[in-house]
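1. Below are the sequence and a predicted model for it; my questions follow.
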Amino acid sequence: MNQDMFDDLNAQLHVMSPEIHGAALISNEGAVIFQEGETVADQSIIGIAGAAVMRLAEHISAGLAECPVQEISVRCDRHAALFVPVGADALLMLVLSADTDTRPLAGAIPAMVSALSQRVVS
């Protein structure tokens, strides 16, 4: 995913859910590739923690249900963080208001990323 795709995806997600405070694209190695808005914590912490959370979730889901991880959410008093895989080598983290229902976003992100990828290929 390049910067333009990230910006387009972020704009589409903000239309769908104005409660988004920030977004970050994180590599599987834990590097923050792109970031927009408030992500609540330091970039290096976000990247490393996000990648670790996704690896743990993939390990658990593979062992329990033999299915790929669709999303992970972490909810606190004021914020929620939604992590969604976007391709084989990255994940998207969204920071939202704590009371936001993350399921519609998690369901829509893979199709949005696929559509953006198709536009780039065309």
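-> Nice, I can see it.
2. Going by C-alpha atoms from here, please, whenever you check contacts or count neighbours.
-> Will do.
3. Just the CA trace of stretch 74-84, in CSV.
-> Presented in CSV, the C-alpha positions along stretch 74-84 are these (Å, rounded to 0.1, in the frame of the first residue of the first chain):
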residue,chain,number,x,y,z
VAL,A,74,-8.7,-3.4,22.3
ARG,A,75,-11.2,-1.2,24.2
CYS,A,76,-10.4,1.1,27.1
ASP,A,77,-12.5,3.8,28.9
ARG,A,78,-11.9,6.5,26.3
HIS,A,79,-10.6,4.8,23.2
ALA,A,80,-10.8,1.6,21.1
ALA,A,81,-8.1,0.4,18.8
LEU,A,82,-9.0,-1.8,15.9
PHE,A,83,-6.4,-3.9,14.1
VAL,A,84,-7.2,-5.4,10.7
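4. And the residue nearest the centre of the protein?
-> Centroid-nearest residue in the chain, with C-alpha atoms, centre = their mean: residue 92, separated by 2.2 Å.
5. Where does residue 11 fall, secondary structure wise?
-> helix 3-16 (DSSP states H and E).
6. Could you measure from the residue nearest to residue 31 when sequence neighbours are not counted over to residue 90?
-> Distances taken as C-alpha to C-alpha, 6 or more residues apart in numbering place residue 47 nearest to residue 31, at 5.1 Å, with adjacent residues excluded. Going from residue 47 to residue 90 by C-alpha to C-alpha, to the nearest Å gives 10 Å.
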